[in-house]
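Undergrad: any chance you could fold what I've pasted below:
(chains A, B, C and D)
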There are 2 protein chains.
Amino acid sequence: MARLKDVALLAEVSLSVASRVLNNDVGARINPATRQRVVDAAQQLNYVPDHRARALRLSRAGAIALVVPEVNNAIFASLHAGVQEACHERSTAVFLSQLGAPAEGHSALGGIIGNGRVDGVILQRSEQYSDEALRAAIQLDVPVVLFNSRLEGHTGSVALDDRASVAVALDHVAALGHRSVGFLSGAAQHDAAIRREKAFRELTVERGLETRDSWIQEAGWEAPAGAAAMAHLLDQPEKPTAVLVASLNAGIGALHSALAHGVSVPRDMSLMAIHDTWLATYSTPTLTTVAMPMHAAGRAAATMLLDHVSGAELSDIIIASPAPELMARESTAAPRSEKY
Amino acid sequence: MARLKDVALLAEVSLSVASRVLNNDVGARINPATRQRVVDAAQQLNYVPDHRARALRLSRAGAIALVVPEVNNAIFASLHAGVQEACHERSTAVFLSQLGAPAEGHSALGGIIGNGRVDGVILQRSEQYSDEALRAAIQLDVPVVLFNSRLEGHTGSVALDDRASVAVALDHVAALGHRSVGFLSGAAQHDAAIRREKAFRELTVERGLETRDSWIQEAGWEAPAGAAAMAHLLDQPEKPTAVLVASLNAGIGALHSALAHGVSVPRDMSLMAIHDTWLATYSTPTLTTVAMPMHAAGRAAATMLLDHVSGAELSDIIIASPAPELMARESTAAPRSEKY
DNA sequence: TTGAAAGCGCTAACAG
DNA sequence: CTGTTAGCGCTTTCAA
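TA: This next block holds a predicted model:
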């Protein structure tokens, strides 16, 4: 492993000159010939700066952490890609970590990202976190940007336009002729889930769509929760003709549950979910979804974080563009009772 | 941020004593009272060692990277968990990274894990990598343990018992009464795919099951490839009554494709896949799979890597236990033509 | 335009 | 049993 010392030696300059050349130090007036010698030497020795020493000296890790509740959830694929992209442009590495329930939470987060391993964190809140647990978990020595979650007293968040996503879905089923619609929401602890449910209640009224408390079931984000919520909904004596699920994996669970109960989708019931991944095109029937701008959100979160590390202020923003987009597939159709 | 210096000052000891106490230096004889003072001081100041300084001094990053082709593939969930578990026990952080096609490969791997950011890498080969591309990508300054792949001249790998997994699946359909079986394999470049296909060809013969070259289609690991391979298979004038898919996501794609072509599963065709994730229980019909010991494999890979960092030799091992386990679900049944 | 030297925070000889 | 000291490899004043 070539050290800076070796480069300096080969180029016959001092350490400091070598360092300044290799860092493109702007204020440094270096003789072009000298500069060239250093560059050549570095090239020849295949020099790569030692990351640890740099980090120590600069008090900068050159890396950030992206922390999500479930690494394997495909929803995060494009979020991750967006973060990577923005960080790559700024020569920053991205570490992906999983942070589940609060129990393992506090110490785990500290262990992963504490002590200067990273310069900042983008945190996607697990639905198991209460506000208090979340607050405790982010008491770190590094800046935290929350993804699609806000916290009283914490500045630094990037949120999706939850209301718009619900509107897109409701417009779709309304246009298909549905008059009654149910909602399988996220966990009540999660502010994004609360926002989506609130939007659902308000927007159904606005559109003159019928809904009921018993048609609004708490589901959570993953398939088992979605399946259970759908089962509850199907227990009701009267059911809506269309159902919106707050998250895709829960939607997959809800679809399975509906089919297992003998409900034909979309003949008996239209089904939609928020978020779009490859899964939606490989279920049978394929699932109508609302694609959210996860890539842009990832970019925005990473950019905000890196700017902050360089001195800028954190802020709370909503990603309104690109707008949530309807991906119409087989799981939605005109309600059976509608005769034309 | 409290430094070791502050702890030493508060405890009224020298830096070295503080360091030795806090590192539980075994050979160090420290007065219990002194030790206690240091521990108390550290506690009181909420001291956390600076990771960068430690890494520099020890030439150890205290972290490893787990590199997979597709972070969001649920197959890796338990692999990841196993790695995490083993690393946690050794106070090592795990960074999860994605490494796709070779183009972005070499530099990407270097950027992620080069320069002392991690002490080693567990690498799950992407099926897009040829042996040469893989060899180029792992020319690093850190040890690499390959997961479920081997490379001529490279020591350090943990593989699954591919042959056993195929055997379990074939035994299952043979017991159900099937006599003809097809196989949607992985990419031909990938040695694990080659092993599974070889095992398939040999074991069908052993069991007296019929198969044909045209029933063995290259599929790859993800859903689109599985769907395409199934479409090809269904193009054949004669078809097997049972099909094994080499990987779960491809199996989901194959299932979708079969249903879309009007093939009823399992009535017209039984379908199985290797690897088990939540997806298999939320498709309709649910998918019969062979669960592989991914958790154990993850533990083994991490343990081997960390042992190596501490001086032990790398080796090439196969995880034979727990053995591949059949998860019988709805997608397999007795063939229709079998009359009882 | 270049070099010498200090020191980031920590650990590990080596002395007491 | 405890303290002093020399760096790990790098960047950055400060001086020449």
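Undergrad: ok now stretch A:272-287, how far from the chain's centre?
TA: Stretch A:272-287 sits 18 Å away from the centroid of its parent chain (C-alpha atoms, centre = their mean, to the nearest Å).
Undergrad: can you list the buried residues in that stretch?
TA: A:272-277, A:279-287 (16 or more other C-beta atoms under 10 Å in any protein chain shown). (C-beta placed from N, C-alpha, C; glycine too.)
Undergrad: over to stretch A:318-329?
TA: So for stretch A:318-329, counting by 16+ other C-beta under 10 Å, buried means A:Ile318, A:Ile319, A:Pro324, A:Leu326, A:Met327, A:Arg329.
Undergrad: circling back: what is the nearest of the buried residues of stretch A:272-287 to DNA strand D?
TA: Closest to DNA strand D out of the buried residues of stretch A:272-287 is A:Thr277 (40.5 Å), distances taken as C-beta to the nearest atom of the strand.
Undergrad: so who does the closest one touch?
TA: Counting by C-beta atoms under 8 Å, 6 or more residues apart in numbering or on different chains, A:Thr277 touches A:Ala74, A:Ile75, A:Ala77, A:Leu248, B:Asn72.
Undergrad: the residue of the stretch 51-200 of chain A found nearest DNA strand C sits in which helix or strand?
TA: The minimum distance from the stretch 51-200 of chain A to DNA strand C, using C-beta to the nearest atom of the strand, falls at A:Arg57 (3.8 Å). Applying DSSP states H and E as the criterion places A:Arg57 in helix A:51-58.
Undergrad: would TSV of the buried residues of stretch A:318-329 with pLDDT, secondary structure and distance to B:Gly253 be doable?
TA: Converted to TSV, those look like this (pLDDT from 0 to 100; DSSP: H, G, I helix; E, B strand; the rest coil; distance: C-beta to C-beta, whole Å):
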residue	pLDDT	secondary structure	distance to B:Gly253
A:Ile318	97	strand	35
A:Ile319	97	strand	31
A:Pro324	98	coil	26
A:Leu326	98	strand	24
A:Met327	98	strand	18
A:Arg329	98	coil	16
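Undergrad: now, which of those lie close to DNA strand C?
TA: Contacts with DNA strand C are made by none of the buried residues of stretch A:318-329, judged by C-beta under 7 Å from any atom of the strand.
Undergrad: quick check, nearest of those residues to DNA strand D?
TA: Out of those, the member with the shortest distance to DNA strand D (by C-beta to the nearest atom of the strand) is A:Ile319, at 34.0 Å.
Undergrad: relative to A:Val38, how far out is the closest residue to A:Lys5 other than its chain neighbours?
TA: Once flanking residues are discounted, A:Lys5 sits nearest to A:Leu15: 6.4 Å by C-beta to C-beta, 6 or more residues apart in numbering or on different chains. Per C-beta to C-beta, to the nearest Å, A:Leu15 is found 11 Å from A:Val38.
Undergrad: on that earlier part again, touching the helix holding A:Arg57 from outside, list them.
TA: A:60-62, A:116, B:50, B:52-53, B:55-56, B:59, B:61, B:114-117.
Undergrad: residue furthest from the geometric center of chain A?
TA: Most distant from the centre of chain A: A:Glu12, at 49.5 Å, with distances by C-alpha atoms, centre = their mean.
Undergrad: wait, that one sits on A:Arg37?
TA: Yes - with contact defined as C-beta atoms under 8 Å, A:Glu12 counts as touching A:Arg37 (7.0 Å).
Undergrad: end to end on stretch A:276-286, go ahead and measure it.
TA: 11 Å (C-alpha to C-alpha, to the nearest Å).
Undergrad: what mean pLDDT does it get?
TA: Stretch A:276-286 comes out with an average pLDDT of 97.
Undergrad: anything in the helix or strand encompassing A:Arg35 near chain B?
TA: Element membership for A:Arg35 (DSSP H and E) is helix A:32-45. No - Helix A:32-45 lies out of reach of chain B by C-beta under 8 Å from any C-beta of the partner chain, never closer than 13.6 Å.
Undergrad: may I see the buried residues of that helix?
TA: A:Arg35, A:Arg37, A:Val38, A:Ala41, A:Ala42, A:Leu45.
Undergrad: hmm, who's touching that helix?
TA: In contact with helix A:32-45 (C-beta under 8 Å, 6+ apart) are residues A:2, A:6-8, A:10-13, A:17-18, A:21-22, A:47.
Undergrad: can I get the buried part of these as one ChimeraX selection?
TA: Per 16+ other C-beta under 10 Å, the buried members of the contacts of helix A:32-45 correspond to this ChimeraX selection:
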select /A:2,6,7,8,10,11,13,17,18,21,22,47
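Undergrad: can you tell me which two in the contacts of helix A:32-45 are farthest apart?
TA: Largest separation among the contacts of helix A:32-45 by C-beta to C-beta: A:Ala2 and A:Val17, giving 16.5 Å.
Undergrad: need the residue closest to the centroid of chain A.
TA: A:Leu79 (4.7 Å).
Undergrad: could you look up the SS state of that one?
TA: Here A:Leu79 is recorded as helix under DSSP: H, G, I helix; E, B strand; the rest coil.
Undergrad: where do the strands of chain A begin and end?
TA: A:63-68, A:93-98, A:121-124, A:144-147, A:157-160, A:181-185, A:216-218, A:242-245, A:270-274, A:288-291, A:316-319, A:325-327 (DSSP state E).
Undergrad: just say which of these is most tucked in.
TA: strand A:242-245 (a mean of 31; mean count of other C-beta atoms under 10 Å in any protein chain shown).
Undergrad: only alpha carbons, please: show that one as PDB.
TA: In PDB, the C-alpha atoms belonging to strand A:242-245 read as follows (Å, rounded to 0.1, in the frame of the first residue of the first chain):
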ATOM      1  CA  ALA A 242     -62.800  -0.400  -3.800                       C
ATOM      2  CA  VAL A 243     -60.000  -0.500  -1.200                       C
ATOM      3  CA  LEU A 244     -56.800   1.600  -1.000                       C
ATOM      4  CA  VAL A 245     -53.800   0.100   0.900                       C
END
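Undergrad: which elements pack onto it?
TA: In terms of contacts (3 or more C-beta pairs under 8 Å, 6 or more residues apart in numbering or on different chains; DSSP states H and E), strand A:242-245 is packed against helix A:162-176, strand A:181-185, helix A:223-235, helix A:248-260, strand A:270-274.
Undergrad: picking up where we left off before, where do the contact lists of A:Leu15 and A:Val38 overlap?
TA: With C-beta under 8 Å, 6+ apart as the test, A:Leu15 and A:Val38 both reach A:Ala8.
Undergrad: hmm, back to that, nearest to DNA strand D among the contacts of helix A:51-58?
TA: Distances from DNA strand D to the contacts of helix A:51-58, taken by C-beta to the nearest atom of the strand, are shortest for B:Leu56, at 4.3 Å.
Undergrad: setting the sequence-adjacent residues aside, check what's closest to the closest one.
TA: A:Arg52 (4.3 Å).
Undergrad: what's the spacing between the one you found and B:Leu244?
TA: 48 Å.
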